[in-house]
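Colleague: Task: produce atomic coordinates for the following.
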Amino acid sequence: MKLYKKFSVITILFLILTGCEISINAGKTLDTSDLDYNSMSVGTVVKLKGLDKKVMIYGQNPLRVADGKRYRYLGCFYPDGYTSDDENVFFGPKQIEKVYHLGYKKK
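Modeller: Next comes the predicted model:
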């Protein structure tokens, strides 16, 4: 069952990242002046303070077992996607420096 879950997560991330690649490389600049960093959607690609690589949000309100803290977002490095639990990025809205791509939102 664990292998099935990992395969599913990797497949979903691959599909999301494939769509993000097209949008990010389109050369358009996002107007982020009115964005609410507390409600970023899964699939959103951001730049975090202190990190050189882009991060894609793939989870919300995760609990990091290592420190017992709950964070607002869980991400993976973009365009790498999920590679291992050691590469997960836990962060909050105050750490977001720039938004490159907005994930899917219901209308």
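
Colleague: can you tell me how far the residue lying closest to Met56 once chain neighbours are set aside sits from Asp52?
Modeller: Of all residues not flanking Met56 in the chain, Tyr78 sits nearest, at 4.3 Å (CB to CB, 6 or more residues apart in numbering). The C-beta positions use only the backbone N, C-alpha and C, and glycine is treated the same way. To Asp52, Tyr78 is 12 Å away according to CB to CB, to the nearest Å.

Colleague: Likewise for Lys69?
Modeller: From Lys69 to Asp52 the distance is 24 Å (CB to CB).

Colleague: ok, these two, which is more surrounded?
Modeller: Neighbours per residue, other CB atoms under 10 Å: of Lys69 and Asp52, the larger number sits with Lys69, 10 against 7.

Colleague: these two touch, right, that one and Pro62?
Modeller: No: look at Lys69 against Pro62 with CB atoms under 8 Å: they stay out of range, at 9.6 Å.

Colleague: what residues do these two have in common as contacts?
Modeller: Common neighbours of Lys69 and Pro62 are listed as Phe90 (criterion: CB atoms under 8 Å, 6 or more residues apart in numbering).
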